[in-house]
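Enquirer: Would you be able to build a 3D model of this:
(one chain, ligands or ions: 1)
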Amino acid sequence: MTGPRTPAASSLSISDLAVRGEDGRVILTVPALEAAPGVSLAIEGPSGAGKSTFLYALAGLVTHTSGSIRWGATDLLAASGTERTRFRKNHLGMIFQDHLLFEELSPLANAAISAGYAPRARRRAIVERARTLLERFGLGDVEARTVRSFSGGERQRIAVARALAGNPDIILADEPTAALDRANADRLIDDLAGLAREEDRTLIVVSHDARLTNAMQRRVRIADGRLVEADAG
Ligand SMILES: Nc1ncnc2c1ncn2[C@@H]1O[C@H](COP(=O)(O)OP(=O)(O)OP(=O)(O)O)[C@@H](O)[C@H]1O
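Expert: Sure, this is the predicted structure:
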């Protein structure tokens, strides 16, 4: 028996999106954007163009919006605050510029933080996946030290492990390589792009790093607060 098909939560469809700032000024418009589940997509554009605003909008974290952002059957902008929170918990992994790690906790406790509010049956899997990801990212001492004593690059990788530990369908990342030297950036790109590809996750990154944007299947550009397709690949 097959029931009615619901679109995968990670298929994205945007129409007539406008985001306003606190002063009422429109800071971003996205006339239309469609992305299939499992795609990797780079968002490029000059500083102040609206890239971070777009990423926050995709996570349902902005107010003063009109139009629609659909992830599968969920219209994020029409959803209540509770529904948005639930959607984020169930489907999104976010890597934002300020990592907001808990300084007093170990890398493992940080990476597995979502286990604390996940259903009991999922907790062990989250902790184990967090541990596996930290190992894959080359981090030692994952329980012995607090994150305060880890370097910028290591903290970045802990933040990535945290975003991925809950097995999200959708990963949103804002300048994930910004604080890293070339070697660490390249390693993170391989890890992030590799995991997304192997596991068929939708990955959307904002970045000025050409190596990272070139590793994505599609690139779009935001210029003067408006999203335009740069390269449909
Ligand atoms: N809540 C807000 N109210 C008013 N203006 C805002 C608000 N949020 C962002 N802006 C403005 O909107 C513009 C886009 O900001 P955003 O952070 O999205 O740019 P960006 O492309 O990510 O830039 P960067 O590459 O420098 O991080 C900026 O001019 C910013 O000051």
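Enquirer: Could you measure from residue 170 over to the ligand?
Expert: Per C-beta to the nearest ligand atom, to the nearest Å, residue 170 is found 19 Å from the ligand. Bear in mind the C-beta positions are built from the backbone N, C-alpha and C, glycine included.
Enquirer: Any idea what that residue is bridged to?
Expert: residue 92, residue 202 (DSSP bridges).
Enquirer: Just give me the neighbour total for the nearest residue to residue 226 once chain neighbours are set aside.
Expert: Of all residues beyond its chain neighbours, the one nearest residue 226 is residue 29 (5.1 Å), with distances taken as C-beta to C-beta, 6 or more residues apart in numbering. The number of residues packed near residue 29 is 17, by other C-beta atoms under 10 Å.
Enquirer: Helix, strand, or coil at residue 29?
Expert: Three-state assignment for residue 29 (DSSP: H, G, I helix; E, B strand; the rest coil): strand.
Enquirer: Relative to residue 84, how far out is it?
Expert: Separation of residue 29 from residue 84 (C-beta to C-beta, to the nearest Å): 21 Å.
Enquirer: what does residue 43 give?
Expert: Counting by C-beta to C-beta, the gap from residue 43 to residue 84 is 21 Å.
Enquirer: Between those two, tell me which one has more neighbours.
Expert: A count of neighbours by other C-beta under 10 Å puts residue 43 above the other of residue 43 and residue 84, at 27 against 17.
Enquirer: How about the contacts made by the nearest residue to the more buried one once chain neighbours are set aside?
Expert: With C-beta to C-beta, 6+ apart as the criterion, residue 43 has its nearest non-adjacent residue at 4.7 Å, and that residue is residue 206. Residues counted as contacts of residue 206 (C-beta atoms under 8 Å, 6 or more residues apart in numbering) are 42, 43, 51, 52, 54, 55, 173, 174, 175.
Enquirer: what's the farthest-apart pair in the residues you listed?
Expert: Maximum pairwise distance among these (C-beta to C-beta): 14.0 Å, between 42 and 52.
Enquirer: which residues sit in contact with the closest residue to the ligand within the chain?
Expert: Across the chain, the shortest distance to the ligand (C-beta to the nearest ligand atom) belongs to residue 21, at 2.4 Å. Going by C-beta under 8 Å, 6+ apart, residue 21 touches 27, 64.
Enquirer: related to what we said a few turns ago, more neighbours: residue 42 and residue 52, which one.
Expert: Remark: of residue 42 and residue 52, residue 42 carries more neighbours, 24 against 17, as counted by other C-beta under 10 Å.
Enquirer: Pairing partners for that one in the sheet, please.
Expert: residue 205, residue 219.
Enquirer: Please give me every residue in contact with it.
Expert: Residue 42 touches 205, 206, 207, 212, 213, 216, 218, 219, 220, counting by C-beta under 8 Å, 6+ apart.
Enquirer: other SSEs contacting the helix or strand harbouring residue 34?
Expert: Using DSSP states H and E, residue 34 sits within strand 26-35. If you count contacts as 3 or more C-beta pairs under 8 Å, 6 or more residues apart in numbering; DSSP states H and E, strand 26-35 packs onto strand 12-20, helix 51-58, strand 218-223, strand 226-231.
Enquirer: Of the ones you listed, which stretch is the most buried?
Expert: Most buried of those, by mean neighbour count (mean count of other C-beta atoms under 10 Å): helix 51-58, with a mean of 22.
Enquirer: quick one: is whatever helix or strand comes next after that one near the ligand?
Expert: Going down the chain from helix 51-58, the next helix or strand is strand 65-71, by DSSP H and E. No - using C-beta under 6 Å from any ligand atom, strand 65-71 stays clear of the ligand, coming no nearer than 11.3 Å.
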